[in-house]
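>>> no sequence for this one, just the structure:
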């Protein structure tokens, strides 16, 4: 049982963390492919009816499209989170934004030159924009009634570490992270 847990934990971690070679990883003579990870998760979850709402984090922090990037960055730092869903006035998810989005997307996909004499000015210019200019629009979401198996497979397939969770009307109700999926897997053992 402990060996099975170790393999499951390793498989999930390797699948979610996005390896340099996404198709296969070798460690201690064990070959782990995405399809073998999927089989492990399916096996662990056979017969389970646990839904995402049983494991998601609530409440979750969210931002608005018209929020200034600087305000959003301060909010994320203050709350110690790496990113957040972006919701409209009806609480429907319209995007997601992460720390990576703040500078890389606004800098044209390349990192800002830290030694540049205009670095401070460049950062201030970027941070004066709105969240909607840097967010990833139309993000992948999952409904709160979906199974944990479906969410784990979606996260692996799309290489996501977190998913906004919505109700049937598309309103944000929580956030599901890879840590939440691990809680589900550990609960199976």
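The structure has been received and is ready for your questions. If you're wondering where the values come from, they're calculated on a predicted model, not measured in any experiment.
>>> residue 164 pairs with what?
Beta-bridge pairing of residue 164 under DSSP bridges involves residue 175.
>>> test my guess that it contacts residue 144.
No - counting by CB atoms under 8 Å, residue 164 sits too far from residue 144 to count as a contact (10.5 Å). Quick note: C-beta positions are derived from backbone N, CA and C, even for glycine.
>>> overlap in contacts of those two?
residue 174 (CB atoms under 8 Å, 6 or more residues apart in numbering).
>>> which residues in this protein form strands?
24-27, 30-33, 83-87, 93-98, 136-137, 142-143, 162-166, 172-177 (DSSP state E).
>>> which of residue 164 and residue 144 has more neighbours?
Higher neighbour count among residue 164 and residue 144: residue 164, with 24 against 18, using other CB atoms under 10 Å.
>>> what distance do you get for that one to residue 58?
Computed as CB to CB, to the nearest Å, the residue 164 to residue 58 distance reads 12 Å.
>>> okay, and the common contacts of these two?
174, 175.
>>> helix or strand with the lowest mean pLDDT in the chain?
Using mean pLDDT, DSSP states H and E, the weakest-scoring helix or strand in the chain turns out to be strand 24-27, at a mean of 44.
>>> so where's the protein uncertain?
1-49, 102-116, 119-120, 122-128, 188-189 (pLDDT under 70).
>>> gap between residue 78 and residue 129?
Taken as CB to CB, the span from residue 78 to residue 129 is 20 Å.
>>> which one of these two has more residues nearby?
The neighbour comparison of residue 78 against residue 129 (other CB under 10 Å) goes to residue 129, with 14 against 9.
>>> isn't the more buried one up against residue 69?
Yes - counting by CB under 8 Å, residue 129 does reach residue 69; the two are 5.2 Å apart.
>>> what bridges to the nearest residue to residue 86 once chain neighbours are set aside?
Using CB to CB, 6 or more residues apart in numbering and skipping the chain neighbours, the partner closest in space to residue 86 is residue 95 (3.9 Å). Per DSSP bridges, the residues bridged to residue 95 are residue 86, residue 137.
>>> hang on, residue 95 packs against residue 85?
Yes - the criterion here is CB under 8 Å, and residue 95 meets it with residue 85 at 7.4 Å.
>>> neighbour count for those two, which is higher?
Counted by other CB under 10 Å, residue 95 and residue 85 do not tie: residue 85 has more neighbours, with 26 against 22.
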